[in-house]
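K.L.:
starting from these lines, generate the structure:
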Amino acid sequence: MNFKRLITYFLAICTVMISVIICLDLWISYKTKPYIYHDENKVPYRAIGVVLGTSKYVRGGGINDFYRNRIDGAISLYSQGKVDYLLLSGDNALQSYNEPITMQKDLIKAGIPREAIVLDFAGFRTLDSVVRANRVFDANDFTIITQEFHCERAIFIALAQNIQAQCFAVPAPNSMKLIRIRETLARVGAFIDLYILKKEPKYLGPVIPIISNNN
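P.N.:
Okay, the predicted model is just below:
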């Protein structure tokens, strides 16, 4: 086989792979659209809101807009009575980096009662956060709070796991090109995790129902 033919085959394979990735990305957006809300006034009531964690600060200093908008969205939904409890799910892999605690502090400062806040320290990935909300915290019908592109992947995971979830899409920063590319690849990873590798959350553990524990 000569070099030119190898190049042709290589380019053909790359074209097919890129086409599959783009189609998967578009399919996930289409499939999850009915479950995503942009207007907080139109978000149906659910007892539990799941706030997906992210870093509070960006490199070089300053508040991360992804974080700020998720916190603002959680405050708004709670204040309007759209949710009764906020499950804060994120990473706490390092002693100096604890997403749930950071979110809790800011929500309490904003006037959210401590008893309305539940922490999930094992939300290492979106899959972990969504599945643990259902299987550890006994929530089957809840509102996820994050940006739209992240909503789509989170709802895709929920649908694959037969979890009834909806999402409140909070605003995203203007500079989204690199993040959107990363999200497209993350969707491929989510598809592989769900349908090929059948991955489970890193940690599960005993069931801790949010509603019964607070009533």
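K.L.:
isn't Gln80 right next to Glu40, touching?
P.N.:
Yes. Between Gln80 and Glu40 there is a contact under CB atoms under 8 Å: 6.5 Å. For the C-beta atoms, the positions are set from N, CA and C on the backbone; glycine is no exception.
K.L.:
more crowded one of those two?
P.N.:
Glu40 (15 against 12; other CB atoms under 10 Å).
K.L.:
so how far is Arg46 from Ala190?
P.N.:
23 Å (CB to CB, to the nearest Å).
K.L.:
what do you get for Lys33?
P.N.:
Applying CB to CB to Lys33 and Arg46 gives a distance of 18 Å.
K.L.:
the more surrounded of these two?
P.N.:
A direct count of neighbours by other CB under 10 Å for Lys33 and Arg46 places Arg46 higher, at 21 against 12.
K.L.:
just give me the longest helix of this protein.
P.N.:
Using DSSP state H, we find that the single longest helix of the chain is helix 3-32.
K.L.:
and after it, which helix or strand comes next?
P.N.:
From helix 3-32 onward toward the C-terminus, using DSSP states H and E, the following helix or strand is strand 36-37.
K.L.:
can you name the residues in contact with that next one?
P.N.:
The contact list for strand 36-37 (CB atoms under 8 Å, 6 or more residues apart in numbering) reads Val43, Pro44, Glu148, Cys151, Glu152, Ile155, Gln166, Cys167, Phe168, Ala169.
K.L.:
can I get the CA coordinates of stretch 122-136 in CSV?
P.N.:
The C-alpha trace of stretch 122-136 is given here as CSV (Å, rounded to 0.1, in the frame of the first residue of the first chain):
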residue,chain,number,x,y,z
ALA,A,122,-18.6,12.9,45.6
GLY,A,123,-19.8,14.8,42.5
PHE,A,124,-16.5,14.3,40.7
ARG,A,125,-18.1,14.2,37.3
THR,A,126,-21.5,15.1,35.9
LEU,A,127,-22.4,11.4,35.7
ASP,A,128,-21.6,11.0,39.4
SER,A,129,-23.7,14.1,40.4
VAL,A,130,-26.8,13.1,38.4
VAL,A,131,-26.7,9.4,39.4
ARG,A,132,-25.9,10.0,43.0
ALA,A,133,-28.7,12.6,43.3
ASN,A,134,-31.0,9.7,42.4
ARG,A,135,-29.5,6.6,44.0
VAL,A,136,-27.9,8.1,47.1
